[in-house]
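*Asks:* curious how this folds, go ahead:
(2 chains)
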Amino acid sequence: MTLAWREAINAFKRAPMLSALSITTIAFSLFAFGLFGLVALNIRQALTQIEERVEVRAFLGDGTAPEASAAALGDIQAFPEVASATLITSRQALDRARKELGEFNDIFDAALLPASIDIQLKPGFRDPTHVRAVAARIRTYDFVEDVRFGEEWVEKLHQIRNASTLAGLALGLTFAIVAVIIIGSTIRMAVLARVREIAIMRLVGATDGFVRRPFLIEGALKGAMGGLLALLLTWLANEIVGRVAFEAAFFDIRLSIAGIFAGALIGLGGSAFSVGRHLRDL
Amino acid sequence: MIRFTRVRKEYPRTGVALQDVSFFVNKGEFVFLTGPSGAGKSTILKLIFADELPTAGEVKVANVSSATLQRRDVASLRRKLGIIFQDFRLLEDRNVEANVAFALEVTGAPRALIGPRVAKLLAQVGLASQGRAYPRELSGGEQQRVAIARALANDPVAIVADEPTGNLDDRATRGVFQLLRDINATGTAVMMATHDLELVKRSNCRTLELNDGTLVFDSAEQMPGADTP
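*Replies:* Numbering: from 1, shown residues only, chains lettered A, B, ... in the order given. This next block holds a predicted model:
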């Protein structure tokens, strides 16, 4: 083990209370960020689920030749925005309507409902601009009488998504800045607690790099431990919500590791800043 | 080895600390730096180990000039010096061995060499049996010996001591001073700031006296054939 690692680990042993305090502070500031992240993740997933229901429905005119509608179906399926397209005959439309309407299922006549092509769009193409473009292209078929996609609803959903993304970014950034400030101050405290040691190190001929290395390792370790603890706390919170309220989605393994890594990175950055500033003062 | 040429040091708040100070210390010399509090003794020592830079003039230590000194050169300059303070400046949470080893570790000395070197240094300062003790368990004189052992760790060309006996009783003062003389006898220059005029008189070493930031007396200039470059 190199001297820098030994010094970093010894720092935990020499000041266990201060180290525990640092890790807990880092953990709680990342926990707040994690909770926010969890809320954002669940809102995003809910919106994605709602968006999956965005659908373009092209109603076909009476007497459209089956060959024509089959050819159009093939064309539409080949659109880059289209995930799937299904031909719904009048009969199928009636069955579906009856199923959806339950006790009022006898109000339809077989001849009342037109055949249609129902089109699902790929993720990323469910915004009003793309939906409108697909609808416009479908309207060019002369046997297509009408194209419906719930324009207002798609518009509103898009607005909600945009607003939630913006709010998410602003809040996320605020939480992240708060976390960085708190973690930076915590690590500065650790540096200040060892001012005397740093001064002695420099007196006996330690280079700035030598002085800095153990602090950077210590900061990164504290950050990673804080990140891990924050992840555990977030998971616990998620479990509690799951038991008393509703099942919510949790970060996948990639995001979890990214969270711990971010903790380490913030710890490293905070240490680099604090030690750098202190060394400049010497 | 240590050369001050028309050195002036000014602090923004307290004003002039040294003015027009010039002197030269040869290899292996023992030099006392005396004068009342605030005369500039500590400033001279700080200029030697590059804790401060002169406002004007030049300080040259072991061929390193303050005029060209970069921040990155400070560490290597300090490895050529051993620095001792009145308050010992030991790491309280490390034992004696670790305190001495620390000075070797920062230079990247191989671990296999550190143990034997520390043992040798502790024997040299008369603390061979105290390696496992912590600074708080030692007397002032013993703590200063640990600081001296640490200062010797990298075979310095000079020891710079700022009131090393200032916190010690007579007996410990004599012990520490004798240790510094022994070190000096092996060829290491020693520059020691002190208030203890009795010690200065008894020792018959070269003395530089400062008053109000000015060098007012250099005993070497009183002697025929004195060392002047």
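
*Asks:* in the stretch 101-250 of chain A, where is pLDDT below threshold?
*Replies:* Across the stretch 101-250 of chain A, the ranges flagged by pLDDT under 70 are A:102-111.

*Asks:* interface residues of it facing chain B?
*Replies:* Proximity of the stretch 101-250 of chain A to chain B is confined to A:196-197, A:199-208, A:210 under the rule Cβ under 8 Å from any Cβ of the partner chain. (Each C-beta comes from the backbone N, C-alpha and C, glycine too.)

*Asks:* ok, now which ones touch residue A:223?
*Replies:* A:26, A:183, A:263-268, A:270 (Cβ atoms under 8 Å, 6 or more residues apart in numbering or on different chains).

*Asks:* rewinding a little: could you flag which of the residues of the stretch 101-250 of chain A next to chain B are buried?
*Replies:* A:197, A:200-208, A:210 (16 or more other Cβ atoms under 10 Å in any protein chain shown).

*Asks:* I'd like these laid out as CSV, including secondary structure.
*Replies:* Below are those laid out as CSV (DSSP: H, G, I helix; E, B strand; the rest coil):
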residue, secondary structure
A:197, helix
A:200, helix
A:201, helix
A:202, helix
A:203, helix
A:204, coil
A:205, coil
A:206, coil
A:207, coil
A:208, helix
A:210, helix
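
*Asks:* so who does the residue nearest the centre of chain B touch?
*Replies:* Central residue of chain B (Cα atoms, centre = their mean): residue B:160, 1.1 Å from the mean position. Counting by Cβ under 8 Å, 6+ apart, residue B:160 makes contact with B:45, B:48-49, B:81-84, B:191.

*Asks:* most neighbours among those, which one?
*Replies:* residue B:82 (29 neighbours; other Cβ atoms under 10 Å in any protein chain shown).

*Asks:* are we agreed that that one is in a helix?
*Replies:* No - Residue B:82 is assigned strand when assessed by three-state DSSP, not a helix.

*Asks:* nearest residue to it in space, please, no chain neighbours.
*Replies:* Using Cβ to Cβ, 6 or more residues apart in numbering or on different chains and skipping the chain neighbours, the partner closest in space to residue B:82 is residue B:151 (2.8 Å).

*Asks:* I'd guess that neighbour is in a helix, am I close?
*Replies:* Yes - assignment of residue B:151 by three-state DSSP places it within a helix.

*Asks:* per-residue pLDDT, it?
*Replies:* pLDDT for residue B:151: 96.

*Asks:* was I right about it contacting residue B:80?
*Replies:* No - using Cβ atoms under 8 Å, residue B:151 is not in contact with residue B:80; the gap is 11.5 Å.

*Asks:* compare these two and say which is more crowded by neighbours.
*Replies:* Counted by other Cβ under 10 Å, residue B:151 and residue B:80 do not tie: residue B:151 has more neighbours, with 28 against 18.

*Asks:* can you pull out the strands in the stretch 51-200 of chain A?
*Replies:* A:55-60, A:82-88, A:116-121, A:144-148 (DSSP state E, counting those that start in this stretch).

*Asks:* hey, C-alpha coordinates of the first one in PDB?
*Replies:* These are the backbone C-alpha positions of strand A:55-60, laid out as PDB (Å, rounded to 0.1, in the frame of the first residue of the first chain):
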ATOM      1  CA  GLU A  55     -51.600   6.700 -31.000                       C
ATOM      2  CA  VAL A  56     -52.500   7.900 -34.500                       C
ATOM      3  CA  ARG A  57     -55.700   6.500 -35.800                       C
ATOM      4  CA  ALA A  58     -56.400   6.800 -39.600                       C
ATOM      5  CA  PHE A  59     -60.100   6.100 -40.400                       C
ATOM      6  CA  LEU A  60     -60.500   4.500 -43.800                       C
END
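
*Asks:* of all pairs in the residues of the stretch 101-250 of chain A next to chain B, which one is the farthest apart?
*Replies:* Within those, A:196 and A:207 form the most distant pair, 18.5 Å apart (Cβ to Cβ).

*Asks:* after the helix ranked longest in chain B, next one along is what?
*Replies:* Looking across chain B with DSSP state H, the single longest helix is helix B:170-185. Per DSSP states H and E, helix B:170-185 leads on to strand B:189-193 as the next helix or strand towards the C-terminus.

*Asks:* show residues contacting the helix or strand just after that following strand.
*Replies:* Tracing the chain past strand B:189-193, the next element assigned as helix or strand by DSSP H and E is helix B:197-203. Around helix B:197-203, the neighbours that count as contacts under Cβ under 8 Å, 6+ apart are B:30, B:32, B:34, B:165, B:173, B:177, B:181, B:194, B:207.

*Asks:* which one of the residues you listed is nearest residue B:76?
*Replies:* Among the contacts of helix B:197-203, and counting by Cβ to Cβ, the member closest to residue B:76 is residue B:30, at 24.7 Å.

*Asks:* what sits against that closest one?
*Replies:* B:180-181, B:184, B:189-190, B:192, B:203, B:205-206.

*Asks:* over to it: give its phi and psi.
*Replies:* Residue B:30 adopts backbone torsions of phi -120, psi 120, taken as degrees, to the nearest 10.

*Asks:* ok, the nearest residue to residue A:195 once chain neighbours are set aside to residue A:191 distance?
*Replies:* Nearest-residue entry for residue A:195: residue A:278, 7.2 Å, with adjacent residues in sequence omitted and distances by Cβ to Cβ, 6+ apart. The gap separating residue A:278 from residue A:191 is 6 Å, by Cβ to Cβ, to the nearest Å.

*Asks:* identify the contacts common to those two.
*Replies:* With Cβ under 8 Å, 6+ apart as the test, residue A:278 and residue A:191 both reach residue A:198.
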